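K.L.:
take this sequence and fold it.
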Amino acid sequence: MNSGLKIYTDVSTFEQKSLKNLNPILSFHWSDLDLDEILKGQNNADSPINLTTEPAEADFFVLPMFWSYYLWNDKAKLSEALELAKLARKHGKQVIVWYKGDLIPIIPFENSIMFLPGMLRSRFQPNQRACPVFVNDPAPLFGREKILYREKKDKPSIGFCGYASINTLKVLWSVVKGIQLNAASRLGKYEYKGVPILPATITRARALNLLARHSEVETRFVIRDKFYDNQVQKNPLTVSDASQAFYSNIYETDYTLCLRGYGNWSYRFYETLACGRIPVFIDTDCVLPLNSIIDWKKYCVWIDKSELKQIGEKIADFHASLSPPDFVERQIACRKLWEEHLTLKGFVNHFQEYL
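P.N.:
Here you go, the predicted structure:
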């Protein structure tokens, strides 16, 4: 596949150890290649881009690594990013920057197109693009090679497995830290903006409590008191069991509650779609990928944060509106949407639609 889109990047700065931080566009372009093969000009035959060595010929420049790589891992490399942006500006080009963290970074050059998973609709900037979070296909990993879709029952079942406990001291710490970081951002002393003040676990716990008390839905909740990543780091032997419990919870329920974390986006949202299940998406001023061409409300139970009190009724009404064949078709559509648009391959196949 080749669309003729010409991309320029500076391969002279690459190191083998840094390839794990490649911008996903380049990661797909050089799938499974090592540094020597990349420098020899090899690439993935399915890549939709042409890599050019002539800056003037390029449609866009691409910053080679995740933006977080320049900030977190090796700030000495930041000068390389600035030089690439300077060269792009000289040729009247924009630089594609990819950020995979929670917050909204402040990019120190104006000619950027920034891809990031968590945006704020009320603070949208023209150079921002909402991108998917790429998750591994759970089907072969968890014995679901043949996706089994659930038949409709009278009462919808809602799942959630994850962190949702509220600790008063942690909440107070989060509030104080958020205020401090927002103040530092306004003074130009912090590299991010839009730092949340109240932790999302408060809204998450409220939603779970409302659902647990609602008579028209069935719930299957596994509430953890720690972030999953912290558990894994402390005891790697629990990874398999924790992952099995997480995905079993999604597969064995009709709907899964998906609500932001520290950043205004949810891994669980993409994992639910990958499982062929219907997300209950809580809209917290979100922008989802390709929202101008994808009608996301066709695939989710869409609930604005201001409507949280009605969460049980809205899920029950949504469920009642679907016939048994429609219910199965909706699950199939969720899986297909993930495969065609939200995997890395699906993203690059639609890359020009983002631009």
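K.L.:
so which helix or strand of the protein has the lowest pLDDT on average?
P.N.:
Across the helices and strands of the chain, mean confidence by mean pLDDT, DSSP states H and E is lowest for helix 228-234: a mean of 46.
K.L.:
could you export whichever helix in the chain runs longest as PDB, CA atoms only?
P.N.:
If you go by DSSP state H, the chain has its longest helix at helix 168-186. Coordinates of each C-alpha in helix 168-186 appear next as PDB, following Å, rounded to 0.1, in the frame of the first residue of the first chain:
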ATOM      1  CA  THR A 168      -9.000  10.900  51.600                       C
ATOM      2  CA  LEU A 169      -5.300  11.600  51.900                       C
ATOM      3  CA  LYS A 170      -4.600  10.800  48.300                       C
ATOM      4  CA  VAL A 171      -7.400  13.000  47.200                       C
ATOM      5  CA  LEU A 172      -6.100  15.900  49.300                       C
ATOM      6  CA  TRP A 173      -2.600  15.300  47.900                       C
ATOM      7  CA  SER A 174      -3.900  15.300  44.300                       C
ATOM      8  CA  VAL A 175      -5.800  18.600  44.900                       C
ATOM      9  CA  VAL A 176      -2.700  20.300  46.300                       C
ATOM     10  CA  LYS A 177      -0.400  18.900  43.600                       C
ATOM     11  CA  GLY A 178      -2.800  19.800  40.800                       C
ATOM     12  CA  ILE A 179      -3.100  23.400  42.000                       C
ATOM     13  CA  GLN A 180       0.700  23.700  42.300                       C
ATOM     14  CA  LEU A 181       1.300  22.300  38.800                       C
ATOM     15  CA  ASN A 182      -1.300  24.400  37.200                       C
ATOM     16  CA  ALA A 183       0.200  27.500  38.700                       C
ATOM     17  CA  ALA A 184       3.700  26.400  37.500                       C
ATOM     18  CA  SER A 185       2.300  25.900  34.000                       C
ATOM     19  CA  ARG A 186       0.900  29.400  33.900                       C
END
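K.L.:
would you mark the buried spots in that helix?
P.N.:
174, 178, 181-182, 185 (16 or more other Cβ atoms under 10 Å). For every residue, glycine as well, the C-beta is placed using N, CA and C.
K.L.:
middle-most residue in this protein, spatially?
P.N.:
Taking Cα atoms, centre = their mean, the centroid of the chain lies closest to residue 133, which sits 2.9 Å from it.
K.L.:
tell me which element that one falls in.
P.N.:
Secondary structure from DSSP states H and E places residue 133 outside every helix and strand.
K.L.:
that one contacts residue 268, correct?
P.N.:
No: counting by Cβ atoms under 8 Å, residue 268 is not a contact partner of residue 133; they are 9.9 Å apart.
K.L.:
number of residues surrounding the residue nearest to residue 341 when sequence neighbours are not counted?
P.N.:
In this structure, residue 341 finds its nearest non-sequential neighbour in residue 350, 6.1 Å apart by Cβ to Cβ, 6 or more residues apart in numbering. Per other Cβ atoms under 10 Å, the neighbour tally for residue 350 reads 16.
K.L.:
where does residue 350 fall, phi/psi-wise?
P.N.:
phi -110, psi 20 (degrees, to the nearest 10).
K.L.:
residue 119 now?
P.N.:
Here is the backbone geometry of residue 119 (degrees, to the nearest 10): phi -120, psi 170.
K.L.:
how about it, nearest residue that isn't a chain neighbour?
P.N.:
Of all residues not flanking residue 119 in the chain, residue 287 sits nearest, at 4.2 Å (Cβ to Cβ, 6+ apart).
K.L.:
same check, this time on residue 182
P.N.:
Nearest residue to residue 182 in three dimensions, chain neighbours excluded: residue 195, at 5.0 Å (Cβ to Cβ, 6+ apart).
K.L.:
tell me the spacing between the one you found and residue 90.
P.N.:
34 Å (Cβ to Cβ, to the nearest Å).
K.L.:
for these two, indicate the residue with more neighbours.
P.N.:
Taking neighbours as other Cβ under 10 Å, residue 195 and residue 90 compare with residue 195 leading, 20 against 10.
K.L.:
surely that one is in contact with residue 178?
P.N.:
Yes: at 5.0 Å, residue 195 counts as touching residue 178 under the criterion of Cβ under 8 Å.
K.L.:
tell me which element residue 348 is part of?
P.N.:
helix 344-349.
K.L.:
in the chain, what spans have low per-residue confidence?
P.N.:
Within the chain, the segments meeting pLDDT under 70 span 1-3, 73-74, 143, 145, 226-239.
K.L.:
try it again with 80
P.N.:
Scanning the chain for pLDDT under 80 picks out 1-4, 72-76, 141-147, 165, 167, 225-241.
K.L.:
can you pull out the strands in this structure?
P.N.:
Remark: strands assigned in the chain by DSSP state E are 5-8, 49-51, 60-62, 95-98, 104-105, 112-116, 128-130, 157-163, 192-193, 218-224, 255-258, 278-283, 301-304.
K.L.:
now render those strands as a markdown table, adding distance to residue 29.
P.N.:
Listed next are the strands of the chain as a markdown table, based on distance: least, Cβ to Cβ, whole Å:
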| stretch | distance to residue 29 |
| --- | --- |
| strand 5-8 | 8 |
| strand 49-51 | 6 |
| strand 60-62 | 9 |
| strand 95-98 | 12 |
| strand 104-105 | 23 |
| strand 112-116 | 15 |
| strand 128-130 | 18 |
| strand 157-163 | 34 |
| strand 192-193 | 28 |
| strand 218-224 | 38 |
| strand 255-258 | 30 |
| strand 278-283 | 30 |
| strand 301-304 | 34 |
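K.L.:
cool, thanks, signing off.
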